[in-house]
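In: A structural model of the following input is requested.
(2 chains)
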Number of protein chains: 2
Amino acid sequence: MHVMIIGAAGMVGRKFAMRLAQTGRLGGTEVARMTLVDVVEPALPGGNVPAVAAVTDLSAPGASEKLVSTRPDVIFHLAAIVSGEAETDFDKGYRINLDGTRFLFEAIRQEGIKAPYRPRVVFSSSIAVFGAPFPEAIGDEFFTTPATSYGTQKAIGELLLADYSRRGFLDGIGIRLPTICIRPGKPNKAASGFFSNILREPLVGEEAVLPVAETVRHWFASPRAAIGFLEHAATIELAPLGQRRNLTMPGLSATVGEEIEALRRVAGDKAVRLIRREPNEAIARMVAGWPGRFDARRAEALGFRAETSFDEIVRAHVEDELGGKVG
Amino acid sequence: MHVMIIGAAGMVGRKFAMRLAQTGRLGGTEVARMTLVDVVEPALPGGNVPAVAAVTDLSAPGASEKLVSTRPDVIFHLAAIVSGEAETDFDKGYRINLDGTRFLFEAIRQEGIKAPYRPRVVFSSSIAVFGAPFPEAIGDEFFTTPATSYGTQKAIGELLLADYSRRGFLDGIGIRLPTICIRPGKPNKAASGFFSNILREPLVGEEAVLPVAETVRHWFASPRAAIGFLEHAATIELAPLGQRRNLTMPGLSATVGEEIEALRRVAGDKAVRLIRREPNEAIARMVAGWPGRFDARRAEALGFRAETSFDEIVRAHVEDELGGKVG
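Out: Predicted coordinates for the structure are as follows:
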């Protein structure tokens, strides 16, 4: 089986490539080779699976056609201009997130016109397809009214994925990822960064800033859960989805206060004291428009699983990123 | 006020242009001129409003820019490849319905970069953005999972309209039209044609074919109501919509049996006897996936109005198309 990961230099793409390289399997099938694609050179994951890196911009003329001509069996499309950048650079967001996605799907269709071809396509969408106001818990049939250009582009990608699947050009599934927490690495400038920062930094004895109230509620899954979603999405039977190919992934609804209590249980009061309150009105306003809870029944019924407590999320980070050590 | 109607050669566009030409006003404002755009030469409506016709394909390079450079105050975007054709000609559907719409919105944004410009844009969407299975009544927050490429393209147009509005590039409203009944003119090959045929033809003493059971339920509004929707959409304050710029229009939920009873009340048993039952499995299957009832509260609260009985729909046709005469 030939697996292609587009967006392989990103956090989730990198972790997923490493996972495939380690296990050598996707579902019950052997991964014979991997192609890792991104706009910057993706790291090769080592392990026993032959892997090649490709530096490509999906939105460049002919780029998708060239990638797809290698006929991967499964394509993970994880590449995107993130929310903040898609908002400040309108053209770039639409070019990469909309045109890039459409060119990819269209290249698959054209490849299938040459000779039968219908790869599984796993598209990473986002809960940013939803916009406030929200019900108490957002159900699987709630409408998509994005509050950002990024969310708009993801919602359009979902519609294209579903139509190209319905027409038989590809076998697609879109998965709306929760906010990934704890994101490994350094603090970044994303408005949502603090959800991870206030756990990740104190776990290694560093200070972190909390810009919102402890009552703020959001929707989370660990990087480990995200990798599990991708793997599951690539291997399950999609017929039960019918034409409704896009799914909100399960997650954990938790408040900032609950995050902090989990940190206390795992790493003690000493860690919690490293969280510095520094209220930021702009961030608080933005976050107020974000969803806090989903009722992701369809995905759960299909076997997708996320963490059920923040303690699990914190422990997953300690195991996967800190070699099991706190302090 | 300069009004542009794109898709002015279509049934709704033609009727709407005639209405503007007759009244000379849109809301409280005088219509100083009209530009009527379509891929075939639109008829000029007469009346006292100066009107010019433009034969243009929105998806052709530079076409939208040229149209928008005349800076209309209100743009009605009614042009589309219809459902059946968008399904058989995949490329053409995406080119006209998706690219054409995006080029139009983008041309408006570019025009606004040259000098401030933010026209009202009324986009005719469709209940085809929804796909079965449906709840008993489809609410305003139900998700869009189109069962056709046409519905997909309309749903994408809605998302673009909302994002371009949110960013302040245009002041858009998308209106999802019910199935228009009674469509004037000759029977056409649309799968939904029979809903109109079984009334229109008997009203002038002609036979019509009914391919489905009388229990089939669907969602209707008259051409007169559709014209009213366009006019209302162009003139109301849109701030109450927030970022949710797309609305299901009110309509009448009725069965084929109820259509026939209305025909009987308006035109007698003689007319009803002209309906010939000729069951068609293919049509019946297709129609089974169409929505039967909406709960269009948001649009109703904003003052959009449709007929409340099929007798009204039949009488509107008799008045507007048959000079008040049945027979």
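
In: can you map out the helices along chain A?
Out: For chain A, the helices defined by DSSP state H occupy A:11-23, A:63-68, A:83-88, A:90-93, A:101-114, A:149-166, A:194-203, A:223-235, A:256-272, A:281-288, A:297-301, A:310-321.

In: what angle do the first one and helix A:223-235 make?
Out: Same thing as helix A:11-23. For helix A:11-23 against helix A:223-235, the angle between stretch directions is 70 degrees (axes from the mean of the first three to the mean of the last three C-alpha atoms, to 10 degrees).

In: Packing partners of helix A:11-23?
Out: If you count contacts as 3 or more C-beta pairs under 8 Å, 6 or more residues apart in numbering or on different chains; DSSP states H and E, helix A:11-23 packs onto strand A:2-6, strand A:33-38, helix A:223-235. To be clear about C-beta, it is placed using only N, CA and C from the backbone, and glycine gets the same treatment.

In: just the ones you listed: most buried one?
Out: Most buried of these, by mean neighbour count (mean count of other C-beta atoms under 10 Å in any protein chain shown): strand A:2-6, with a mean of 25.

In: Would you format the helices and strands packed on helix A:11-23 as TSV with mean pLDDT and distance to chain B included?
Out: As requested, these are exported to TSV (pLDDT from 0 to 100; distance: least, C-beta to the nearest C-beta, whole Å):
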stretch	mean pLDDT	distance to chain B
strand A:2-6	98	21
strand A:33-38	98	24
helix A:223-235	98	18
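
In: To residue A:157, which of these lies closest?
Out: Across the helices and strands packed on helix A:11-23, residue A:157 has its closest neighbour in strand A:2-6 (12.3 Å, C-beta to C-beta).

In: Give me the distance between residue A:15 and residue B:132.
Out: Per C-beta to C-beta, to the nearest Å, residue A:15 is found 38 Å from residue B:132.

In: can you check residue A:107 too?
Out: To residue B:132, residue A:107 is 30 Å away according to C-beta to C-beta.

In: Please apply the same query to residue A:124.
Out: Going from residue A:124 to residue B:132 by C-beta to C-beta gives 27 Å.

In: before we move on, the earlier item: which of residue A:107 and residue B:132 has more neighbours?
Out: Between residue A:107 and residue B:132, residue A:107 has the larger neighbour count (other C-beta atoms under 10 Å in any protein chain shown), namely 19 against 13.

In: Tell me which residue is most central in chain A.
Out: For chain A, residue A:177 is the residue whose C-alpha lies nearest the centre (C-alpha atoms, centre = their mean; 4.7 Å).

In: which residues does that one bridge with?
Out: residue A:126 (DSSP bridges).

In: isn't it right next to residue A:221, touching?
Out: Yes: with contact taken as C-beta atoms under 8 Å, residue A:177 and residue A:221 are classed as touching, separated by 7.1 Å.

In: list residues touching both of these two?
Out: A:229, A:249 (C-beta atoms under 8 Å, 6 or more residues apart in numbering or on different chains).

In: Nearest to residue B:25 among the helices and strands packed on helix A:11-23 would be which one?
Out: Among the helices and strands packed on helix A:11-23, strand A:2-6 comes nearest to residue B:25, with 53.2 Å by C-beta to C-beta.

In: Quick check: closest non-adjacent residue to residue A:214.
Out: Residue nearest to residue A:214 in three dimensions, not counting chain neighbours: residue A:257, with 3.6 Å by C-beta to C-beta, 6 or more residues apart in numbering or on different chains.

In: So which bits of stretch A:268-283 are buried?
Out: Across stretch A:268-283, burial judged by 16 or more other C-beta atoms under 10 Å in any protein chain shown covers A:271, A:274-275, A:283.

In: Distance to residue A:87 and pLDDT added to the residues you listed, as JSON lines?
Out: Shown next, in JSON lines, are the buried residues of stretch A:268-283 (distance: C-beta to C-beta, whole Å; pLDDT from 0 to 100):
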{"residue": "A:271", "distance to residue A:87": "33", "pLDDT": "97"}
{"residue": "A:274", "distance to residue A:87": "31", "pLDDT": "98"}
{"residue": "A:275", "distance to residue A:87": "28", "pLDDT": "98"}
{"residue": "A:283", "distance to residue A:87": "14", "pLDDT": "90"}
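
In: Turn the residues you listed into a markdown table, including distance to residue A:99.
Out: A markdown table is the format used below for the buried residues of stretch A:268-283 (distance: C-beta to C-beta, whole Å):
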| residue | distance to residue A:99 |
| --- | --- |
| A:271 | 45 |
| A:274 | 44 |
| A:275 | 41 |
| A:283 | 31 |
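
In: of all these, which comes closest to residue A:197?
Out: Within the buried residues of stretch A:268-283, the smallest distance to residue A:197 is 9.0 Å, found for residue A:275 (C-beta to C-beta).

In: For chain B, see how far away that closest one is.
Out: 33 Å (C-beta to the nearest C-beta, to the nearest Å).

In: what bridges to that residue?
Out: Bridge pairing for residue A:275 (DSSP bridges) gives the partners residue A:208.

In: And it, how close does it get to residue A:257?
Out: Taking C-beta to C-beta, one finds residue A:275 at 11 Å from residue A:257.

In: Could you do residue A:121 as well?
Out: Residue A:121 is 39 Å from residue A:257, where distance means C-beta to C-beta.

In: for residue A:314, same thing?
Out: 14 Å.

In: more neighbours, those two?
Out: Neighbours per residue, other C-beta under 10 Å: of residue A:314 and residue A:257, the larger number sits with residue A:314, 26 against 13.
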